[in-house]
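[1] 3D model of this:
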Amino acid sequence: MAEPVYPPPPSDALNTIEDMRDAVFFDEPGRAQRVRRFWILLALSSAIAASGVVGDSTATVIGAMIVAPMMLPIQGTMLATVLGERVNFGRSLFTMIAGAAAAIAIGYLVGLLVVVPETAATNPQIAERATPDLMSLFGALATGAVASIALVRKDISDTLPGVAIAISLVPPLVVVGVAAESADYAAAIGSLLLFVANVAAILGTGVVVMALYRVQRWGSFAIPGTAPVTTATGTIRPLATVNRRRSHITIALLLVLVAIPLTLSTYRTVTTTLQSSDVDGIARSWADDEDLEVLDIATASPGYVVRVTGGDSVPDVAPLRTALEADDIAPSTVAVEWVPTTRVSVGG
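    Numbering: from 1, shown residues only. The predicted structure is shown next:
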């Protein structure tokens, strides 16, 4: 079946639909070359990201973000939904899922090469992606909007490297593999949730941006005020075989479903931060009253550990217990670690 012929965009500053399709679809001509390029870049970017994660190198992880090609199938899925092209929708969706699985597998294999387990407790790169929150989704929405606008407009394509850095796609996937290999399944699930949130944000904002630029109208109808585009067989329309309304509802539901755990994560983080601040203030006030010095206050299961030093004997924790209870903090969540001090005269 012949490819649809689209009318030109309403402005010279905008890309044509053919330009956008050529940018994100794995379509003819040159489909085999595009597929090979995608898999080569995906394998290399995943390996770079995995090495950056296990080596705790932010610069290396950023380099992997720039090389990573995962934005293409995600935007391809979005554009195919808007244009109603079932074949390209299926290709892009399959490529996105297969690419994500491959990146996870590469992360797992790299994890096998590491002697010490890489977990959120020992690796800042994993911890950074293990607990996404609503701010992660907000940032992804804004970045996804920029990426979609860059797809529509000719004059802001130079921002794409910045978009690649801002939107985290391959690094969370390799973190899933690395964390899973180290049996840190909570971090693996959190990183996978971050990736899904980013995908949902790109799809959702992409559909909105395309609607604002009326891209679907370019593909389905003539530009308002102009004559319809016709050929010898009649008016040319795209092959609208994907149910757009159902696809848009699915994307919206995906965003809602992703937002629920992110909201819960944000609530837990805020609650923990506020409680940690309260524990810090209460513990330091108690230590001052007992003539102790607070070395540090660390978060540890099931709560907090207050490390203190000073005095000649184990400190009395009864006043600390009373102060915690008065602030509705369970004393069982706070432990005190006393470090005895010994003064030695250097002069003998």
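[2] Just give me the neighbour total for residue 308.
    The burial count assigned to residue 308 is 22, neighbours taken as other Cβ atoms under 10 Å. For the C-beta atoms, the positions are set from N, CA and C on the backbone; glycine is no exception.
[3] cool, residue 35 as well?
    One way to gauge burial is a neighbour count; for residue 35, by other Cβ under 10 Å, it gives 13.
[4] Check whether it really touches residue 28, as I assumed.
    No. Checked against Cβ atoms under 8 Å, the pair residue 35 and residue 28 is beyond contact range at 11.3 Å.
[5] Just the helices from this structure, written as ranges.
    Assigned helices in the chain, in chain order: 17-24, 31-54, 58-67, 71-83, 86-113, 124-130, 134-152, 160-166, 170-181, 185-212, 215-220, 244-289, 318-326 (criterion: DSSP state H).
[6] a markdown table please, covering these and showing distance to residue 342 and mean pLDDT.
    A markdown table is the format used below for the helices of the chain (distance: least, Cβ to Cβ, whole Å; pLDDT from 0 to 100):
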| stretch | distance to residue 342 | mean pLDDT |
| --- | --- | --- |
| helix 17-24 | 68 | 85 |
| helix 31-54 | 40 | 93 |
| helix 58-67 | 41 | 90 |
| helix 71-83 | 60 | 90 |
| helix 86-113 | 44 | 93 |
| helix 124-130 | 35 | 91 |
| helix 134-152 | 47 | 87 |
| helix 160-166 | 52 | 66 |
| helix 170-181 | 42 | 95 |
| helix 185-212 | 40 | 91 |
| helix 215-220 | 75 | 61 |
| helix 244-289 | 19 | 83 |
| helix 318-326 | 24 | 89 |
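[7] Highest mean neighbour count out of these?
    Greatest average neighbour count among the helices of the chain goes to helix 170-181 (a mean of 29), per mean count of other Cβ atoms under 10 Å.
[8] Outside of that helix itself, which residues are in contact with it?
    Outside helix 170-181, the residues within contact range by Cβ atoms under 8 Å, 6 or more residues apart in numbering are 42, 45-46, 49-50, 52-54, 61, 64-65, 68, 70, 100, 103-112, 114, 118-120, 125-126, 129-130, 185, 187-188, 191-192, 194-195, 198.
[9] relative to helix 134-152, how tilted is it?
    Helix 170-181 and helix 134-152 are oriented at 140 degrees to each other (axes from the mean of the first three to the mean of the last three Cα atoms, to 10 degrees).
[10] Centre of the chain to helix 170-181, how far?
    Relative to its chain's centre, helix 170-181 lies at 12 Å (Cα atoms, centre = their mean, to the nearest Å).
[11] One more: stretch 329-338?
    Averaging C-alpha positions (Cα atoms, centre = their mean) puts stretch 329-338 35 Å from its chain's average.
[12] Next: stretch 174-183.
    Taking Cα atoms, centre = their mean, one finds stretch 174-183 lying 16 Å from the centre of the chain it belongs to.
[13] on that earlier part again, quick check: which of the helices of the chain is nearest to residue 297?
    Ranking those by their distance to residue 297 (criterion: Cβ to Cβ) puts helix 244-289 first, at 5.3 Å.
[14] tally of neighbours for the residue nearest to residue 116 when sequence neighbours are not counted?
    In space, and not counting its chain neighbours, residue 116 is closest to residue 122: 7.2 Å by Cβ to Cβ, 6 or more residues apart in numbering. Close neighbours of residue 122, defined as other Cβ under 10 Å, add up to 13.
[15] go on, the one 10 residues further on?
    For residue 132, the count of nearby residues is 27 (other Cβ under 10 Å).
[16] State the distance from it to residue 92.
    Using Cβ to Cβ, to the nearest Å, residue 132 is found at 24 Å from residue 92.
[17] Residue 46 contacts residue 64, doesn't it?
    Yes. Under the criterion of Cβ under 8 Å, residue 46 is in contact with residue 64, at a separation of 7.4 Å.
[18] give me every residue that touches the most centrally placed residue in the chain.
    The geometric centre of the chain, computed from its C-alpha atoms, lies nearest to residue 194 (Cα atoms, centre = their mean), at 3.7 Å. For residue 194, the contact set (Cβ under 8 Å, 6+ apart) comprises 129, 132, 136, 168, 172.
[19] now those as JSON lines including distance to residue 289?
    As requested, the contacts of residue 194 are arranged in JSON lines below (distance: Cβ to Cβ, whole Å):
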{"residue": "129", "distance to residue 289": "41"}
{"residue": "132", "distance to residue 289": "40"}
{"residue": "136", "distance to residue 289": "41"}
{"residue": "168", "distance to residue 289": "46"}
{"residue": "172", "distance to residue 289": "46"}
